[in-house]
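1. Give me coordinates for this.
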Amino acid sequence: MSAGRGFYKKLCTKHHKEKYKMNYGRGGKLREEVKRTLGKKNIKGKVTHHIDLDKNNNVKSNLYIFKDSESHNLSHSELKKIVKDLLASGVLQ
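-> Numbers count the residues shown, from 1 in each chain. Reported below is the predicted structural model:
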């Protein structure tokens, strides 16, 4: 990797971390909106999942709170398996 690409990668990573923290960190815009929508005071350590995968759709019926990131990641891997099977069987194209 060239020095230019390494710098760009660090810059992108830093930007992503700052954006993530601004939206999801303590007091972050999206975290506060989710807390307000769900009427919960403390969602520390929990992961909010947008059922329709649209992170801007914070309607209560579109949100699911996982107890931790491990549970959230497991659900995504299971969904990927289901979609793969549906594609293989021709149900989805």
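2. Could you give the average pLDDT over stretch 75-89?
-> Stretch 75-89 carries an average pLDDT of 91.
3. neighbouring contacts of stretch 57-67?
-> Applying Cβ atoms under 8 Å, 6 or more residues apart in numbering, the external contacts of stretch 57-67 come out as 30, 33-34, 37-38, 40, 43, 45-52, 54, 72, 75. Glycine gets a C-beta too; all of them are placed from N, C-alpha and C.
4. switch the cut-off to 6 Å
-> Glu33, Thr37, Lys46, Val47, Thr48, His49, His50, Ile51, Asp52, His72 (Cβ atoms under 6 Å, 6 or more residues apart in numbering).
5. Can you flag the buried ones in those residues?
-> Lys46, Val47, Thr48, His50, His72 (16 or more other Cβ atoms under 10 Å).
6. Which SSE is immediately downstream of the lowest-mean-pLDDT helix or strand in the chain?
-> Sorting the helices and strands of the chain by mean pLDDT, DSSP states H and E puts helix 3-24 at the bottom, at a mean of 59. Following helix 3-24 in sequence order, the next helix or strand is helix 29-38 (DSSP states H and E).
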